[in-house]
Every structure is written in structure tokens, then in C-alpha cells.
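**Q** take this sequence and fold it.
(chains A and B)
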Amino acid sequence: MDARRVPRTVTDPKVRQVGFFAPVAPLDGSPSGPLRPTTPSPPVSGNSLSPVMIPLPRHLSSDNAPLSPLNAGGGDSFLPVGSYNPSEFSSPTATEDFSEDNFSKDTGWILNDNSGKIATSLTPGGADKAAVKQNTHSASGLTPGITDGGPPTEVQKEQAPVSSMPLKEKTTKAERRALQEAQRAAKASATAGGSKKSVAASAVVTSANANPKKVAKAPPQKKDSSSVAASEKRAGDRQTDKDRKKDVPHPRMQFDDEDRVEKAKKRSVVKQTEARNRVELFRHLPQYEHGTRLADLESKFFQLDPVHPAVYKVGLRFLSGDISGGNARCIAMLQAFQESIKDYSTRLEKTLIEKWDLPAKINGYVSFLIECRPLSISMGNAIRFLKTQIAELPLTMSESEAKASLLSDINRFINEKIILADKVIVRHAVTKIRDGDVLLTYGSSSVVEMIFLCAHELGKQFQVVIVDSRPKHEGKMLLRRLVGKGVSCTYTHINAISYIMHEVTRVFLGASSVLSNGTVYSRVGTASVAMVAHQFHVPVLVCCEAYKFHKRVQLDSICFNELGDPDAIARVSGKEDINYLDDWTSSENLQLLNLTYDATPSDYTSMIITEYGMIPPTSVPVIVQEYGGEHLWI
Amino acid sequence: MDFQVVVLAGGFSKSLVPLVSKEVPKALLPVANRPVLSYVLDLLELKNLKDLIVVVEGETAALSVSAWISSTYIDRLHVEVAAVPEDVGTAGALRAIDHRLTAKDVLVVSGDLVCDVPPGAVAAAHRRHDAVVTALLCSAPVSGPSDSGSSGAKDKAKKPGRYNIMALDPTKQFLLHIAAGAEVEKDIRVQKSILRAVSQMEIRADLMDAHMYAFKRSVLQDVLNQKETFQSLRRDVLPYLVKSQLRSELLSSGVQSDENSNSKDAMQNSKILPSQLLANAFTPSFHELYALGPDGSASITRKTHKCCVYIANKSKYCARVNSIQAFSDINRDVVGDANHLSGYSFSAQNNVIHPSAVLGSKTTVGPQCMLGGGSQMGDKCSVKKSVIGRHCRIGSNVKVVSSVIMDHVTIGDGCSIQGSVICSNVQLQERVVLKDCQVGAGFVVTAGSEYKAESLAKKEKL
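**A** Numbering: from 1, shown residues only, chains lettered A, B, ... in the order given. Model prediction:
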């Protein structure tokens, strides 16, 4: 929770850039100026960062640690990731991991700016605070080359097994706790006897260490499973934990890590041939040979016994791209789950624990869907909701009652969080449309469409500019529907955005997700539209249901994204004569990048319209805090 | 997966007349020394489809088929054999077992299919599009002896009227028109409404209907009950469904009919339903666009249903035993190019000789041959590209080229057999010369006779 504030402090509108950008020179006037000289000396994570290094493997980053204490912090921040249960999408760690991850690899200077703040905001105990104070002191007195190898390296050595061990996911919670305590002791002794310089390193280590401990309690599942023993929860949840580890691949698996990819392949239902020519910068994202997966999945139709037909059908449609759009995918998934719950019956095993294997089943379905297409954040939230509901079923409930309750819960979620939310958003947004407006939208967003239609029904006089892009041309369907309803429309491609923006009075955008630093995660191209609009002083209104909000913080669109079918951009539909790229896969030197999402910085967003009201992007954390998480579902 | 599988094993097929008989129904006709039905059953078993309904025409045929199935697949498959009266056609056969169909979708497979296309692919395409019917299409097999064959045989195989005309949409997922055989000879009529809705149509003659269909059960039953006169799935039911796809009279159209949401009363003015949200998010096929109407408004919802196709990859083998020519082609392919289907392990010489078979001195068995167990061959024989069944006795100096010889055949010395099919228990006396002939079961060919392109069978059979 504290960590969420961190990125805001980083935000400096002057250096905000979208998409790919070369690291800029450090900003002057940052509070911890003296620290900066340290960065050039270790070249590892400095400004001369090559794209290859972007998805920095864990061990590498921990190697850097002795050179710069700040990097040590960055390296250790990976620690929670591995020890984390994979299916968990949202957790404070996610934020944590994210921000620091970015810091360490983006540019060195960001780190320097904020090292003190990170430490302060994260350190829980009073003793640690003292260490932090020392840290800031030491920072000011720090000399360019940190030369002593004594205590800091020692700490580092102890650190190494910790950062590697959680990856195996074998250590239990207790073991991890023990390890942390051991480290803390080592660090304490280092602090006591160590030199001034070593303090800095260990202080950051402390802060990083403290986090996982704090965090470990946070995920809802874990909380549930611990309370299961105490209260009248379904006993089967214990199994959930186990199964989750087995079934669900890590949602943020780094696909350039060969070992893990191999492991994941063994688990996977769908045979996935990875595309060979991937863009260097995006190696950490999964990309597969597009044609092969569908065929393979199809041929296995009758062999996938554990997957319910409804889930299978939805997965197939995700894979083939028949269903797209956050809301539709979420609804389709939830409805498939409903079908599967309807058909579910407890197993015939004697004990109750083995009988109730619905959570395990759902996990299996989820991992199947992930294999078909990576889940969107909204779907992750919906799944979390469903799992919470399952976990909270009282033991005394009969099977049919439990099923009925789950079905109605899912219905409630769809109706309240999506349908009703859309209606409220429409009601809010319509007030922003005046006669004579020229409204621009990008792509095809279901809620934006509803807004336009509603405004049209209310008799408002306005024009719509639909901006579209290759290769999906989603705007065409929206255009067709709007024109069919009699809305006056202009259709253009994103290339012409700067021209058309002169005439536009408002920009309405949909979003796949809104992250807690106000970043809007949406269809690729949205950021450009928002940036151009910002430049032209046109207000940008992002319409997004609150169930799509997420605690995560994301600064760029590189870390987490989705790669589409590269063939889709290589081919030009309807133009058979443009076939210069026909056999591009055979060329080693050509890599195609078909990104699906991008991140729009909050500076370009004037307002976010949710069912809770129209809020500035800075208020997203409030929504996430007050209405998100568990509060959202009760 | 909520699929039921119906195997239409047929009965006594007229097109295969000298080969099939009362004792050997079409389903049990040996292809590479295995009943042809076993290819379908193995394929289904491989794909984990173990509950099957096998429909056989005629009581006696049903008895022999069920006897064979129960002896072969006793603990591997759960097969129900249903007997239907003869000459009811494929549609009639399904009508007869109507009450047994309960699953959401029905996969109908012809029992004479020899292919390695996964049925799951058809089923998956069916499910993905929520189609009413999905047909498996494959590229039409090369007919006639492949390389060594005479040109005469090839001409014969390329009879006009064996073409199937298929019209597909540009994405090659939907079937727009289907016309078979005789209809094609003069002209084809394509419905204007379909053409207008799709705007582009691809007409192909190189595809063959493999007779593997996935039907939506409710639709299939509706059609069968409403249209009493429909006899054949291929000739009546499928064209009917294809033609009526834009003016559907079937109840089961529509993408998502579950309007279970209670949001209707929650908000009256705007009617946003999850189904509508979903429908907007689908990549629309021409059906949906057409249903929406020309102006995009859903004021008049036209009912449509989808007829999908799954086009098998060219590398897959797919053929049907529906003619004598096809029978010998398939025999050739199963021991030759597509020998992974046969289930036998081929020797280094690319042939299969059962260990109990006895070969005389200087007898050669070439590649792409199969010799069944207990067969004996005399000296100086030569076998090329042929299948010889079990317990055959072949004398000396016999030449067998591109032929199929079934079980318990006795062949005298000095015979020459080329491009022929010789059924069980046939006796060929000395110095018989057969070329492109079919010899029915139990026939005796007298010594020294020569036949060319003839069909020989016992009199009472004909």
C-alpha cells in the first residue's frame, strides 16, 4: 500500500515519455544529488543499457548489488516474486516488484532520486527507520567507488540463495520466514560493526526484506486458507494452494528464461511452438507460432477431459480471436465458468477435503485459458472474485446450495460490475457531451459505444471521429453500428490523428485496465491518441469500469504486454499484391512486432470515468483502496 | 465434451457388388487385411471417443458386425450396434436411432472412411462457430493406380459427375453451396441472398466431402422429423441446411440464447444484456452481418444458422471406400503412402510379411505389399504392390501386381493377376490371366481362362 505512493513521486511530467525512448540524461535538482556519481561507475545498469538486458535475469541483478547499494535493493525486490503464489494477480508485491524492477532497469537516475523515499516508505519498524536515516546520511557522504568488500558482500552472499530459492517454490512459508530472520540478524550485526558505507546497502536490503514479510499475508487466498482451519470454511481450500502451484503457470513468467519456459511447456495442454524471430526488447513475453496452436488444440478436442466443454469453447474462441474486448472476454469466461459449475458434482472420494475439488477445477480452467490467450487484468480480477466466493462458502452448505450461490454470485458480478457499471458510466459521461461536440474515439470500446448511442438517443448533436488502426480494424464494426443508428461519423486511421485532432473537442477512450499510478493500459495506439490530444489541449476522458482497476504500477508498456500474431501485420488484407513479407519467418534478420497493449501515462488523461464517478487519474489509488480488492466484492 | 458419435457402417452396398455379399457386409470388407470399419473405430479410439453407436443396415449384417466388434474391441470401446432396415439411407438410419441421441452435438462418421484427420478438429470448429453443421472436407484423393498404372485406368477414374462442387466463403470456414455429382453436369444455381451477404464466394471442385459431420443434435432431429422424405445426409440434409442458412426456420439459431440475466428489470430504458455485449465483441461472420440487416440496426432480426467446414490439411490422408476403384486405391495407399494408417510395422523392404507365411524359393515380394498369416506361396512367384490375405495358397510361377487378394484364396500355377480384386474362397485354376477384374466370393475360375475388366461372381448373387 505504501509502495503505491512511490511511483507518484517519480513522476515528473517533463521527462514522461511513451513507448520506446532512449534513456535521458539525469535531471538536475534532485534531492540526492551527491549520490549520482555512483551510477556511472558501475556500468551494468547504467545509462548504456542495451535492449537485451531489459528483462534482466534474477541472478544478474543480484550480482550487481555489491557495486551499488541501490541495485541491491532492486535485485532483492525480486525476492517476493518467486515466493509468491502464481495465480495471484494483484498483491502489494506486484506493485513493489514492478516499480523497483523498472527503476533498476530503466535509468539509473530514477533510482538515485528515490532511494531514500523507497526506503522510508517501506520500512516498517522503528529500528529500521534508524537504519534508513543512516542510509540517507551515508548517501550524502558516499564516494563514487564503493571499495570495501567486507560486510556488504557478505550480506550479498546470504542473499543469493534466498533470491534463487523461492523460484523453486519449494520452501514453505515458515522456512522463508526463518531465512529472513537469519538475514536480518546478519544485517543487524553488519550494521553494528560495519562501516558507514555498508549501512547503505544493508538498509536497502532491510527494506526489501521487510516487504515480503509484510506482503506474505496480503494475498486473499492465503488469508482464506489460514482462516479455513479456524472457521467454518470449506476444507478443500488447502488443496487449492497445492493445486494452484501445480496448475497455474506464473502469470508473469519471463519467457526468455529458458528453464522456466521448458517447465511450463511440460505442463501445458496446448502444444506451443514459440515464434523464432522475436523482437529483442520483448523476448520476455510469450509469442507462439500462430497457426499451429489452434490446429493442435482442435485435434485434441476429445482428449481434454478435464476441461469443461464450455470453457473449451471459450478458450478456442480466445485463441482464434473470435472474442476480443475486455468486457466480452470477461463475461464469456464467467459464463463458461457458470456452465462448468452447473455441471459440477463433487467427487466420490470419502473425505470431504478430496470431495470438494471445485477450486482445483477452476484453476485448471484458468490455466487452460491462459494458454489460449494471456488473461487481461479484468479477467484476473474476476477470477479472484470467483475464488474468494468459493473460499467463503460455509461448510454447512449443501452442494446444490453452494452451486446456486456461486451461480448467483457470478451473475451478480456480471450485472453489477459490468452491466450496471457501464450504465452508470454512460450516465456520467453523457453529461460531458454538449451540442456541437466532435468526439474522437480510438478502436472499439463497448462502453464508449454505449455513451455515443445514449447521447444520440438523448438528441444531442455531435459528431464522432473513429480512429482505427491496422491490423484488427476494430473501429469498422463500431462505425457500422454507429452509422446504423444514425450517428454522424468520420472514420480515419491513426496516421491522420494529428490532422483530425484540430477539430476534436473531446476524446473518449476505453481501457483494458487502469493502474494505480493513473496509467491507462489499453489497446496499442491509445497512448499516441492521448498524447496528441494532450498536445492539442483536447480533454481525454477514459471510460473504465472499476473492476478493471488494478493495484499494479506500470511505467512502460514493455514489461507486461501481449504479443499478437506477427503475420497479422505482415499481411495486408485485401491487397494480395503486397506480399513482400510472405516468407519472413525464414529470415533471421527480420523481426515483426505486433503489440497488443500500451500504457498511457496519467499526464495525458484528463479524467477517468468510472461507476464511482469522474475522477482525476491521481485518484485511482483511492478507488483501488476503498472499492477495490475485497471491498469490491462484498 | 458432450458429443455423441454415430458411425454409419452401411450394409450391403450396391456399388461394391462383387466384393460385398451377405456374409461380408461393407463394414467388414478387408482393407489391408483389416475390416474397413476398424479404421474408423481406431481413429475414434485414438481420440478418446469410446462410446459409439454403430448403425448397420440389415439384421444379418448387424449381427456379423456386432460379432466382429465385440470380439475385437471387447474391452476397449463401448459400442452399441443398432440395426436399421435396408435402404433407409443415411438420414433414415439417423431417424431410426433418433431416441438414442441425447448429447448436445452429434458426430456422424461414415463407416467406410479411411483417414487420419482428427475428429476433434471437426468438433472444435463446430463448437467454435456454434454451427448447425460442420462437414469435413478433404482434397479429393488421387484415383487410379498412381504411377505404374495404365492411362486407361485413369480415364476410367475420371468419370464426369464424380465432382463435388463446394462454395466457400473467403475465410474458408463456411459452406455456402454444395452440389454433388449429377447436379453439376449442367449448371449450378447459387442463391442470390447468400451471394449478396458474403459478397465473395470461392467455388471449388477439388474438395471431397469426407462424410464426417458434426450436427447440432436438436437441429438434426428437427430436420429429420420435419422432412420425412429426406433420405440421405449428403444429398438431402446437408444441402437443405446450407441453402436455408440465411432464412433459418430452426429454433436453435442465435449466438447466445441465455437471457438469464435479471438486468432487464433493473434498467428499462437501455437494453444492455451480456449477450449483446458479447455479440458486439465477436468477429462477425457474414451471418451476423446479414442478421443485423443492411443498415446495421437490429430492427428486424433475421434468423440465420451457420454451416461450417473443416478443410483437412493436404498432408492428411482421407478416402472413402465407396467404389471398387476406391477400394483398390485405398488398399494400395494403406500399404503404400499412407502406411501409418494400417497399424502394421513395415519391414525394411517396406512390406509386411506375416511370420507364419511361407514363401517358396525364388519368390519375391516387392515393396508396398502385404502378405497375411498362414499363406503359402510356391516357387518363382512375384508380388508387387498387392495385398494378399490370410491362408491363401498360391502355386508356382504366379504374378500378382496391384491387386487385392482376400483370405482363403487358392491360386493355381502360372496365374497372372493384375489390378484385380479377388474375394475370399475364390479358386483360380492354372494359368488364369486376370486384368482389372473383380471376382466375387466363392467363385471358381476355370483353368486357362482370360478375363479383362470383368466382374465375375456366382450366378445366384446377381
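
**Q** am I right that A:A328 sits in a strand?
**A** No. Under DSSP: H, G, I helix; E, B strand; the rest coil, A:A328 sits outside any strand and is assigned helix.

**Q** show the pLDDT at it.
**A** In this model, A:A328 is scored at 86, pLDDT.

**Q** okay, which residue is most central for chain B?
**A** B:L113 (3.1 Å; CA atoms, centre = their mean).

**Q** wait, isn't it in contact with B:Y39?
**A** Yes. Counting by CB atoms under 8 Å, B:L113 touches B:Y39, with 7.1 Å between them. Backbone N, C-alpha and C define where each C-beta goes, glycine included.

**Q** which stretches of the chain have low pLDDT?
**A** Assuming you mean chain A. Residues of chain A meeting the criterion pLDDT under 70: A:1-175, A:185-258, A:260-261, A:263-278, A:287-295, A:298-305, A:346-355, A:574, A:585, A:628-634.

**Q** nope, chain B please
**A** B:1, B:13, B:22, B:141-163, B:180-186, B:248-302, B:459-462.

**Q** which one's the longest strand in it?
**A** strand B:207-216 (DSSP state E).

**Q** adjacent strands (with direction) for that strand?
**A** Paired neighbours of strand B:207-216 in the sheet (DSSP bridges): strand B:105-110 (antiparallel), strand B:133-139 (antiparallel).

**Q** neighbours around the closest residue to chain A within the stretch 51-200 of chain B, how many?
**A** The stretch 51-200 of chain B approaches chain A most closely through B:G120 (2.9 Å), counting by CB to the nearest CB. Per other CB atoms under 10 Å in any protein chain shown, the neighbour tally for B:G120 reads 22.

**Q** list the contacts of the residue nearest to the centre of chain B.
**A** B:Y39, B:V40, B:A210, B:H211, B:M212, B:C318, B:A319, B:R320 (CB atoms under 8 Å, 6 or more residues apart in numbering or on different chains).

**Q** for B:C318, see how far away it is.
**A** 7 Å (CB to CB, to the nearest Å).

**Q** list residues touching both of these two?
**A** By CB under 8 Å, 6+ apart, the residues touching both B:L113 and B:C318 are B:A210.

**Q** for stretch B:402-421, the distance to its chain's centre please.
**A** Put simply, stretch B:402-421 sits 27 Å off its chain's centre (CA atoms, centre = their mean, to the nearest Å).

**Q** mind exporting it as CSV, just the C-alpha atoms?
**A** Coordinates of each C-alpha in stretch B:402-421 appear next as CSV, following Å, rounded to 0.1, in the frame of the first residue of the first chain:
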residue,chain,number,x,y,z
SER,B,402,-1.5,-54.1,-57.9
SER,B,403,-4.2,-56.4,-56.7
VAL,B,404,-6.1,-57.3,-53.7
ILE,B,405,-6.5,-61.0,-52.7
MET,B,406,-8.6,-61.7,-49.7
ASP,B,407,-8.5,-64.7,-47.4
HIS,B,408,-8.6,-68.4,-48.3
VAL,B,409,-8.0,-67.9,-52.0
THR,B,410,-6.4,-70.7,-53.9
ILE,B,411,-4.4,-69.7,-57.0
GLY,B,412,-3.1,-72.3,-59.3
ASP,B,413,0.3,-72.4,-61.0
GLY,B,414,1.2,-69.9,-63.7
CYS,B,415,-1.6,-67.4,-63.0
SER,B,416,-1.2,-63.7,-63.7
ILE,B,417,-3.3,-61.2,-61.8
GLN,B,418,-3.1,-57.5,-62.4
GLY,B,419,-5.2,-54.7,-61.0
SER,B,420,-7.8,-57.1,-59.7
VAL,B,421,-9.8,-57.8,-56.6
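
**Q** same question for that stretch: list its buried residues.
**A** Neighbour-count burial for stretch B:402-421 flags B:402-409, B:411-421 (criterion: 16 or more other CB atoms under 10 Å in any protein chain shown).

**Q** could I have stretch A:315-322 exported to CSV, CA atoms only?
**A** Output of stretch A:315-322 as CSV, limited to C-alpha atoms (Å, rounded to 0.1, in the frame of the first residue of the first chain):
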residue,chain,number,x,y,z
GLY,A,315,-10.7,-20.8,-24.9
LEU,A,316,-10.9,-21.8,-28.5
ARG,A,317,-12.6,-18.5,-29.3
PHE,A,318,-10.0,-16.6,-27.4
LEU,A,319,-7.3,-18.4,-29.3
SER,A,320,-8.8,-17.8,-32.7
GLY,A,321,-9.6,-14.2,-31.8
ASP,A,322,-13.3,-14.5,-32.2
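
**Q** tell me which stretches of chain B form helices.
**A** Using DSSP state H, the helices assigned to chain B run over residues B:36-46, B:59-72, B:89-96, B:119-129, B:151-157, B:192-198, B:217-226, B:238-243, B:263-266, B:274-281, B:286-292, B:324-335.

**Q** need phi/psi at B:P85.
**A** For B:P85, the backbone dihedrals (degrees, to the nearest 10) come out as phi -60, psi 160.

**Q** now do the one 3 residues further on
**A** In terms of degrees, to the nearest 10, the main-chain angles of B:V88 are phi -90, psi -10.

**Q** distance of it relative to A:A178?
**A** B:V88 sits at a distance of 76 Å from A:A178 (criterion: CB to CB).

**Q** is it correct that B:P367 is in contact with B:N350?
**A** Yes. At 3.9 Å, B:P367 and B:N350 qualify as touching, with contact defined as CB under 8 Å.

**Q** got the phi/psi numbers for the closest residue in space to A:S345 that isn't next to it in sequence?
**A** Excluding the flanking residues, the one nearest A:S345 by CB to CB, 6 or more residues apart in numbering or on different chains is A:E399, at 7.1 Å. For A:E399, the backbone dihedrals (degrees, to the nearest 10) come out as phi -60, psi -50.

**Q** now the one 4 residues further on
**A** The main-chain torsion angles of A:K403 are listed as degrees, to the nearest 10 and equal phi -70, psi -40.

**Q** can you pull the contacts of it?
**A** A:I341, A:K342, A:Y344.

**Q** that's a helix at the first one, yeah?
**A** To tie it back to what came earlier, the one meant is A:I341. Yes. Remark: A:I341 belongs to a helix, assigned using three-state DSSP.
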